[in-house]
Each structure stands twice: as structure tokens, then as C-alpha cells.
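Trainee: Sequence and predicted structure below; questions after.
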Amino acid sequence: MQISKNYVLRTIAGDNLLVPLGGSSAETKGMILLNEMSLFVYESIQKGQTEDEILSRILYEYDVEVSHAAADLSEIISEFTKLGIIE
């Protein structure tokens, strides 16, 4: 799993946004606002971490149940894949 080169991360007025480049902008119809967890996952993928490693980090960093963390991570990765943010 790796981040697509079709997006760049920018922080604008305190918001973390993925800005689509080239043809990706037509598909997404604008920038993508990342919440705290989505940003955490995005940055973890950028570092080359696996899904299991990311889940372990989420459990370490946040006070959340394993089932809830796993479901949230799966949903974020699914959405990232659907939007072409990760390959």
C-alpha cells in the first residue's frame, strides 16, 4: 500500500486537505478534508507502514477498542482506495 502521486497534502487555515493533481481533480471534484484519524492513517501509509502496524499505532495512541479501531481503519483504507489516494 502506498500513497498515489495524484494527491498532495496541504494544511490550509488549520485544515488538512488532500489536493488532487491532474486528472484526479475531475474524479474527486475538489479537495478532500482529512479528519484527525484519516490524517493519522495517511501519514502512516506515507511512512510505509502496513495495515497491522497502523492498527497497532492507533491502539497505542488512542483510547479505543480493537474492534472499533479496526472498523474505522478498514473504512478509511476503503475510502482512500476508492478515491485513488492509495494504490
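Mentor: Cool, the structure landed. From a predicted model like this one, the values you see are computed outputs, not experimental measurements.

Trainee: quick one: low-confidence ranges for this protein?
Mentor: Applying pLDDT under 70 to the chain picks out residues 23-29.

Trainee: by contact count, what packs against the one helix or strand Asp52 maps to?
Mentor: Taking DSSP states H and E as the definition, Asp52 sits inside helix 51-61. Counting contacts by 3 or more CB pairs under 8 Å, 6 or more residues apart in numbering; DSSP states H and E, helix 51-61 packs against helix 36-46, helix 66-83. Just so you know, the C-beta spots here come from the backbone N, C-alpha and C atoms, and that holds for glycine as well.

Trainee: If you count neighbours, what's buried in the first one?
Mentor: So that's helix 36-46. Neighbour-count burial for helix 36-46 flags 37-42, 44-45 (criterion: 16 or more other CB atoms under 10 Å).

Trainee: Looking at the helices and strands packed on helix 51-61, which is nearest to Ile3?
Mentor: helix 36-46 (5.4 Å; CB to CB).

Trainee: Which residues does that closest one contact?
Mentor: For helix 36-46, the external contacting residues (CB atoms under 8 Å, 6 or more residues apart in numbering) are 1-3, 9, 16, 18, 34, 53-54, 57-58, 61, 72-73, 76-77, 80, 85-86.

Trainee: one step back: select, out of the helices and strands packed on helix 51-61, the one closest to Gly30.
Mentor: With CB to CB as the criterion, Gly30 lies closest to helix 66-83 of those, at 11.4 Å.

Trainee: for the closest one, the distance to its chain's centre please.
Mentor: 9 Å (CA atoms, centre = their mean, to the nearest Å).

Trainee: Would you mind pulling the contact partners of that helix?
Mentor: With CB under 8 Å, 6+ apart as the test, helix 66-83 has contacts from 1, 27-28, 32, 37-38, 41-42, 45, 51, 54-55, 58-59, 62, 64, 86.

Trainee: how about CSV for the helices and strands packed on helix 51-61, with distance to Gly22 added?
Mentor: Listed next are the helices and strands packed on helix 51-61 as CSV, based on distance: least, CB to CB, whole Å:
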stretch, distance to Gly22
helix 36-46, 19
helix 66-83, 14
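
Trainee: filter the contacts of helix 66-83 to the buried ones?
Mentor: For the contacts of helix 66-83, a burial check counting by 16+ other CB under 10 Å picks out 28, 32, 37-38, 41-42, 45, 54-55, 58, 86.
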